[in-house]
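>>> Build me a structure from this.
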Amino acid sequence: MRLGTRGPHNPSYVWRSLQSTKELIKKGARKRIGSGCQTKIWGDPWLPDQVNPCIESVCSQGLESSTVSSLRSAVDGSWDIDIIQDLFSERDQRLILSIPLSRQECDDNWMWANERFGVYSVKSGYNLQTNVSDTSPNSPSINWKFVWRLGIPAKVRNFIWRVLSSCLPTMQAFLTLRVEVNNCCPICHNLPEDDFHALVSCPWARSVWNISSIGSYFNSSCTFADWWINITHRRNQNDVELATAILWCLWQNRNDVVWNGKCKSATAIFDSAQTLYSQWKMTRKLHSPQINTEQQTMQERWIKPPE
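Reported below is the predicted structural model:
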């Protein structure tokens, strides 16, 4: 799928998922200049600038389809400084002239600007997406390192990441993806079910949080990310880990309601969370490395091998 490809009139879920990644790819994709014949001067991201890799100078009439190759000297293939000074601002001139040119004939190609060798990786894509989200003006700042350090099972850590990344398959999320479902909460049947409602603000979820010593801490304009940041700032790590167990059990109960029509009481959900958290702590103790004090006092010494 090309970056400029338009989707069909009634796109499928898979097609919409692919389309949703285009903006991220556009932020990190750059054109590497070879001959310059395949890169348009205006429109293509080819300048070495992380913030804006496109030409900012106004395009002169008749040059809309011009390629970067037209900026090179016909004599030796280097940059034609006279043309560049005539057409571009100081900022664009500086960036263009900083690009090294190959004397060999080679095609322009796409590269990923956030990797040293220009090859896309999931890690760099995730880092770029996280940075983009964190720098948006209304986005709360989430301490992801704290999330990864929590002493909880990997599946629960992944679950927390999904919630904080707005990837939880709630009824409202399905409706946003144009899946025809009733977005009403399957437990309270009163309000639309998003991640915050399902796990915190639903009356059923609130009754579970009120039983715990953690509490719910929220207001009407709160998001799940706001609530999470509030909890992590107010409580110690043990309480936060217990909170993840409660979140996990709340979501498991929600799924049991949706698929099996069974709903546990608030007390039963909290008891399950406490039991689960106790099992996690016990497992950590059993698998934590035991330090032998006798071995610790011994020092390794290098001994010359026999001749």
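>>> Isn't residue 164 up against residue 228?
Yes: the pair residue 164 / residue 228 is scored as a contact, 6.3 Å apart, by Cβ atoms under 8 Å. Backbone N, C-alpha and C define where each C-beta goes, glycine included.
>>> List the residues that are in contact with both of the two.
Shared contacts of residue 164 and residue 228 (Cβ atoms under 8 Å, 6 or more residues apart in numbering): residue 142.
>>> list the contacts for residue 49?
Each residue near residue 49 by Cβ under 8 Å, 6+ apart is listed here: residue 95.
>>> sec struct for it, please.
coil (DSSP: H, G, I helix; E, B strand; the rest coil).
>>> quick one: pLDDT of it?
pLDDT for residue 49: 89.
>>> so how far is residue 30 from it?
The gap separating residue 49 from residue 30 is 9 Å, by Cβ to Cβ, to the nearest Å.
>>> Now residue 40: closest residue in space, sequence neighbours ignored.
Once flanking residues are discounted, residue 40 sits nearest to residue 67: 5.9 Å by Cβ to Cβ, 6 or more residues apart in numbering.
>>> Surely that neighbour touches residue 42?
No: at 10.1 Å, residue 67 and residue 42 do not qualify as touching, with contact defined as Cβ under 8 Å.
>>> Can you give the domain ranges for this structure?
With domains defined by automatic domain parsing, the chain comprises 16-122, 140-283.
>>> Most tightly packed of those?
Highest mean neighbour count of the domains of the chain: domain 140-283, a mean of 16 (counted as mean count of other Cβ atoms under 10 Å).
>>> Distance from the chain centre to that one, please.
Put simply, domain 140-283 sits 19 Å off its chain's centre (Cα atoms, centre = their mean, to the nearest Å).
>>> and what of stretch 47-58?
Distance of stretch 47-58 from the chain centroid (Cα atoms, centre = their mean) equals 24 Å.
>>> Can you give me the end-to-end span of that stretch?
15 Å (Cα to Cα, to the nearest Å).
>>> Give me the phi and psi for residue 67.
Dihedral pair for residue 67: phi -100, psi 170, per degrees, to the nearest 10.
>>> Return the residues in contact with it.
For residue 67, the contacting residues are 36-41, by Cβ under 8 Å, 6+ apart.
>>> how does it look with 10 Å?
By Cβ atoms under 10 Å, 6 or more residues apart in numbering, the residues touching residue 67 are 35-41, 44, 108.
>>> what does residue 37 give?
Contacts of residue 37 by Cβ under 10 Å, 6+ apart are 67-70, 72, 105, 107-108.
>>> ok, of those, which one's closest to residue 223?
Nearest to residue 223 among the contacts of residue 37, counting by Cβ to Cβ, is residue 108 at 42.6 Å.
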